[in-house]
Structures are given as C-alpha cells and as structure tokens.
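Novice: Please find the sequence and the predicted model below.
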Amino acid sequence: MLNTVAQTEAPGAEQELTQELTDGFHLVIDALKLNGIDTIYGVPGIPITDLGRMAQAEGIRVLSFRHEQNAGYAAAIAGFLTKKPGVCLTVSAPGFLNGLTALAHATTNCFPMILVSGSSEREVVDLQQGDYEEMDQLAIAKPLCKAAFRVLHAADIGIGFARAIRAAVSGRPGGVYLDLPAKLFGQVMNAEAGRKSLVKVIDAAPAQIPAPSAVNRALDVLKSAKRPLIILGKGAAYAQADDAIRAFVEKSGAPFLPMSMAKGLLPDLHPQCAGAARSTVLKDADVVMLVGARLNWLLSHGKGKTWGDAPKKFIQVDIEPKEMDSNVEISAPLVGDIASVVTALLDAMGGNWPAPPADWLNAVKTKRDDNVAKMAPRLMNNNSPMDYHGALGVLRTIVKERPDAILVNEGANTLDLARGVIDMYQPRKRLDVGTWGVMGIGMGSAIAAAIETGKPVLAVEGDSAFGFSGMEVETICRYNLPICIVIFNNDGIYRGTDVNAVSSDPAPTVFVRGARYDKMMEAFGGAGVNATSPDELKRAVNAAMDSGKPTLINAVIDPAAGSESGRIGNLNPQSVLKKK
Ligand SMILES: Cc1ncc(C[n+]2csc(CCOP(=O)(O)OP(=O)(O)O)c2C)c(N)n1
Ligand SMILES: [Mg+2]
C-alpha cells in the first residue's frame, strides 16, 4: 500500500514535493508476495501485530496459533511439503524462543523454514539497558540454524528476504532466522525506490548435477551386488522426483526400505518393499544404496549388531558432500540433488539392467510374507479396552481406503506401532516426529498439512504427545480444518500403570486416569467422541473423515498395553544401583 504525503524540501525551499511512500511493513509483505510465499504461521504481539493484519489484508493467509512452537512446527512441515520456505512469525524474546525449537527441528530435518521475529531496539539491547523483551536474538539463533540475518534498513528488506529464502531452500535445506527490529517496520522510503529494492529470487534451489564418473562408480558397485538394498529417506520424499525414483527402484529390481517419512514414495504394498523384513535386509544386504537418508541413529549409524557381520558397501545419494563418510566409509558417494542424480542413474543404467539374484529376492519375500502373516490376526482383534494392534488395524484399513489423506503421527508406542502397521500409498502422506523424535509436532503438522494441501488429515497421537500442542485444537476449530485427531489414551507416557511406592504423588509417567480428551474439542465447537472398541473407533473416524469437521476421538487403550519408550527402550541408560 502506498501513501502520498506532502514533503517540504530543504529549509527555505518554497516548493512542496509530493511523493509516494512505502514502509517496512509493506516492504516485508511485498517481498513475501513477490517470492510466492502466501502463508504465514505465527502468534501476534509487539512489534508484529500490525504486520499480520496488513499481510492478511494484502491476501496472505495468516494462521494465528496459540503457541509459537506449534506455529513453527507448522512452518517447518509446510517447507517439507511444498519445497518453499515455511514462514513462522513471532514477537521478540519469549515468542522468538518459543519458535526456536521448531527452527532447530527444521534444520535438523533439512526442512526449509524461515523464522521471522520482531526484536527490540538494537541500541538498547546492545548496551543491555533493559529494553522491553530485550534479547540478542540473532546471536542466539545462529548456532541453531543454517543462516541468520538481521535487517536494519527498510531499503534492505528485499535483500534480507532474498538471502533468507535462498539459504533455506538451496543445497541441503534448513532453518533460517530473520531478525526484524521494531523500528524497521515504521521506516518510510520512496515507494518506487522500495519497489526496486525488492528481489525476486531466481532459481532458488539450483539443480546440482552429479559427476558422470560418480554415477558410473555407483552403478558399478550396485551391479556387483548379490544382495542389494535401497534405503529411501525423507530427503527422497522432499525431492518431489517421485516418478524418477520409482522408475529407478523398479529398474534396479532391488528390495527397498522406506524410512518413516519416505513411506508411500513407492507404496508399502509394492512387491519390492522390504519394510516388513527390515532386520533381515539390514543384516544380510551386501550393497546398500542410501537415497536421501542419513546413517544416523535411526539406521544404527550403519554398523553394529543391526547391520550383521558380513562386509557391506555403501552408495550414498545426498546433496550435502559432508554427509559422506559421516559414520562408515561410503564406497560410492553421489553428490547432487536427488532428481538430477536419479535421472542420471536411470540414463546410465541402459535398457537391460540385470535383476538381482533370485535367491536374495525370494529370501526377502519369504521373510516379509511371514511377518505380515504373523501380524494379521493381532490387527483384527476387537478387544475393549483396546490394545494398540486392535486400534491400529482399524486405522490401517481407513488409510487404505483413503490413500490421499495425510497421516500425522507422534508418541512412543503410538508412533512406533503405527509406523509399522499403517501402510502408506502415496508420497509425503506420512508426517511424524522426524530425526529427533520430538513430541509436540502433532497439531502444527496437522494444521499445516490441511492448509498446504487441502487434503483431509488424520492425526494419530499418544496422549502424552498430544499434550505438547493440545491447545491448538482451538486453532483447528477456528479455521474449521478437516482434521481428525485420534488420541491413543493409555493414561500416560508409554503406559499408565506405574506406581509411586513412597508417596501419594503419581508416578512421573502417569496421567489422570480415564481422561476425556474429546471434551477439549467440544469446548471449541468441534466433534468429540469417546471410543472404547475398534468398531466404535472405525465408525467415529469414518464419520469424521466423511464430514471434514474438526473431530477428536479419545481412543481408550489398555493402560498396560505399551512398552517403555516404544521400540527404542534400548537407548535408556540403566542404573546398576537401582537393581541392588
Ligand atoms: C519434546 C520432547 N519431550 C520429551 C520427549 C520424551 N518422550 C518420548 S515419547 C514421549 C511420550 C510417549 O507417550 P505417549 O505419547 O502417550 O505414547 P505411548 O507410548 O503412551 O503410546 C515422551 C514424553 C520427547 N521425545 N520430546
Ligand atoms: Mg500414552
């Protein structure tokens, strides 16, 4: 928006000049719009309240949350889903700090995100004179993100956003911090000069083509395999090179294992999917090709018991050269963006790529079929109170019937068991706790998924996990989003059965028995259902998904059903003294 004011030139000048003006508020909005950023997730307050109002008035979608951390998680997952930086807007110090966990999470998970925070007066902050919400935010953000910038002059807003956008999405994506001091917003400048100062970022994430020699080296290693395995990570899902990846995996003939958020890139029921034979393929493969997956703790660092004794060779596709050899030697590093690398691999494979040895494919298939058959009867039980398998069996069928719905998932048992049981059929439909296993991504992810894709969302939440972002049910009702939340309510963290032997305080892992989370949703006008059996759960979820109405289903799970830390109990340190 432009204003016209009469401005008197130098003292004594007779002539009044009329010029169009713009200011910091409008330049921020114009910079976002120019770069196709049409949604902001945040919490209002000094100094960014008017920025939110003005952005909304200019056609940007402004989603106002109850806590910045949830807005930040929404922005992070919006980045993953769209390949554009998700923007989170916060106030200074406490709002900034609340958003910072999500910024660090985005960086760790390689999701493009920009945390834009208002900040207090530099002159006062730097002299530590006790300004309103005083904090040196730039210095604090720096170690937690990929890049951090501060803009002091309205004329630099265009450059500031261009740098932030480029840093967030180019190379390995990540979180970026952009500090906008309060004074900046009101700064006025000539509108035409302001327009010219804006930057439209051209080719924000340039293709990074792999060296042909690296492509051939990788194919030589893959061809030499007797027991090849391809592991698809969430980097492969992020790349949106779905057809090329599928063509490559199918041409290779190798079994593939999807990491959690890569599930559905190829359907979990694809004949080459080795998801149900995970321990066998990790142990027995002789050549492992990682595509957008890192050899971090989630893959046991590529060594040790999980990976068996037989020698292995690794091929790794990643955009970040420093990822290579992070944990074990990489025989064939393939540095480049996944779309370019996979396309180059397909070209170089030619028309008659040999199938992997049949005994390997049969061994994987037998193991997979055995495990699926073992699991099947457990998923069909109709116990009340429910156990995890009975409840998940129902959700598994619902997702099969509604493959374009987005599944959000967090918890411990609720996460680990849902990941194994619920098959995914399409890319980027499973959103979860990511690399850190962070509780609290639930409602932010569900909201962003609904907003960015327009698809229905099913959020499967442990009762503890849900609590981290539960107040956002109001946000869900306020924007009337098609989100169905199912809370696996087992009265606590991992289980609801712990007892405190020495006082009347509850044990640290247990919650109020028989809590009714469904009432929370009703408080804000959404639908609440209490489901005590798989049949009830099925009816309630189907009704919610059909209606598109915000719904929360309190699924009553046997408090004794879970195990400590779900599938990763082995990571708990043990006290020898405890057992004395
Ligand atoms: C931010 C954060 N705080 C704490 C934890 C530790 N933690 C891991 S799982 C979990 C909750 C598990 O309980 P619930 O969500 O109810 O799932 P359940 O195992 O009971 O199904 C917690 C608190 C974490 N991962 N992230
Ligand atoms: Mg629980």
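Specialist: Yep, it's here. Ligands and ions are numbered 1, 2, ... in the order given.
Novice: any low-confidence regions in this protein?
Specialist: Residues of the chain that meet the criterion pLDDT under 70 lie in 1-17, 579-580.
Novice: OK, contacts around residue 529?
Specialist: Residues in contact with residue 529 (Cβ atoms under 8 Å, 6 or more residues apart in numbering) are 518, 536, 540, 544, 551-554. Using the backbone N, CA and C atoms, a C-beta is placed for each residue, glycine as well.
Novice: Would you format those residues as JSON lines with distance to ligand 2, secondary structure and neighbour count included?
Specialist: Shown next, in JSON lines, are these (distance: Cβ to the ion, whole Å; DSSP: H, G, I helix; E, B strand; the rest coil; neighbours: other Cβ atoms under 10 Å):
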{"residue": "518", "distance to ligand 2": "16", "secondary structure": "helix", "neighbour count": "22"}
{"residue": "536", "distance to ligand 2": "19", "secondary structure": "helix", "neighbour count": "19"}
{"residue": "540", "distance to ligand 2": "19", "secondary structure": "helix", "neighbour count": "24"}
{"residue": "544", "distance to ligand 2": "21", "secondary structure": "helix", "neighbour count": "25"}
{"residue": "551", "distance to ligand 2": "20", "secondary structure": "strand", "neighbour count": "24"}
{"residue": "552", "distance to ligand 2": "15", "secondary structure": "strand", "neighbour count": "31"}
{"residue": "553", "distance to ligand 2": "15", "secondary structure": "strand", "neighbour count": "27"}
{"residue": "554", "distance to ligand 2": "12", "secondary structure": "strand", "neighbour count": "26"}
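Novice: So what touches the helix or strand harbouring residue 360?
Specialist: Residue 360 belongs to helix 358-379 when assigned by DSSP states H and E. Around helix 358-379, the neighbours that count as contacts under Cβ under 8 Å, 6+ apart are 226-228, 253, 255, 271, 273-277, 280-281, 284, 355, 389-390, 392-393, 396, 421.
Novice: which non-adjacent residue is nearest residue 290?
Specialist: Closest residue in space to residue 290, ignoring its immediate chain neighbours: residue 316 at 4.5 Å, by Cβ to Cβ, 6 or more residues apart in numbering.
Novice: err, residue 354, not the other one
Specialist: Distances taken as Cβ to Cβ, 6+ apart place residue 223 nearest to residue 354, at 7.0 Å, with adjacent residues excluded.
Novice: what's the answer for residue 383, then?
Specialist: Of all residues not flanking residue 383 in the chain, residue 390 sits nearest, at 5.1 Å (Cβ to Cβ, 6+ apart).
Novice: Okay, buried residues for whichever strand or helix holds the one you found please.
Specialist: Assigned by DSSP H and E, residue 390 belongs to helix 388-401. Neighbour counts using 16 or more other Cβ atoms under 10 Å place 388-399 of helix 388-401 among the buried residues.
Novice: Repeat that for stretch 97-113.
Specialist: Judged by neighbour count (16+ other Cβ under 10 Å), stretch 97-113 contains these buried residues: 97-113.
Novice: Stretch 271-284 now?
Specialist: Using 16+ other Cβ under 10 Å as the test for burial, stretch 271-284 gives 272-277, 280-282, 284.
Novice: Could you dump the contacts of residue 529 into TSV with distance to ligand 1 added?
Specialist: Converted to TSV, those look like this (distance: Cβ to the nearest ligand atom, whole Å):
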residue	distance to ligand 1
518	16
536	19
540	19
544	20
551	19
552	15
553	15
554	13
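Novice: which two from the residues you listed end up farthest apart in space?
Specialist: With Cβ to Cβ as the measure, no two of the contacts of residue 529 lie farther apart than 536 and 552, at 14.2 Å.
Novice: and the residue of the stretch 201-350 of the chain nearest ligand 2?
Specialist: At 19.0 Å from ligand 2, residue 260 is the closest residue in the stretch 201-350 of the chain, using Cβ to the ion.
Novice: Do a quick rundown of the helices in the stretch 101-250 of the chain.
Specialist: Applying DSSP state H, counting those that start in this stretch to the stretch 101-250 of the chain gives helices spanning 122-126, 137-141, 157-169, 182-186, 191-197, 212-223, 234-238, 242-252.
Novice: just checking, what packs against the last one?
Specialist: Helices and strands in packing contact with helix 242-252 are listed as strand 228-232, helix 338-349; criterion 3 or more Cβ pairs under 8 Å, 6 or more residues apart in numbering; DSSP states H and E.
Novice: same thing but at 6 Å, please
Specialist: helix 338-349 (3 or more Cβ pairs under 6 Å, 6 or more residues apart in numbering; DSSP states H and E).
Novice: what's the nearest residue to residue 506 if we skip its chain neighbours?
Specialist: Residue 506's closest residue in space is residue 500 (Cβ to Cβ, 6+ apart), at 6.4 Å.
Novice: thinking again about what came up before, to which secondary structure element type does the residue nearest to residue 290 belong?
Specialist: When classified by DSSP: H, G, I helix; E, B strand; the rest coil, residue 316 comes out as strand.
Novice: number of nearby residues for the residue in the stretch 201-350 of the chain positioned nearest to ligand 1?
Specialist: Nearest residue of the stretch 201-350 of the chain to ligand 1: residue 297, at 13.0 Å (Cβ to the nearest ligand atom). When neighbours are defined as other Cβ atoms under 10 Å, residue 297 has 13 of them.
Novice: before we move on, back to that, point out the most buried one among the helices of the stretch 101-250 of the chain.
Specialist: Compared across the helices of the stretch 101-250 of the chain, helix 234-238 shows the largest average neighbour count, a mean of 27 (mean count of other Cβ atoms under 10 Å).
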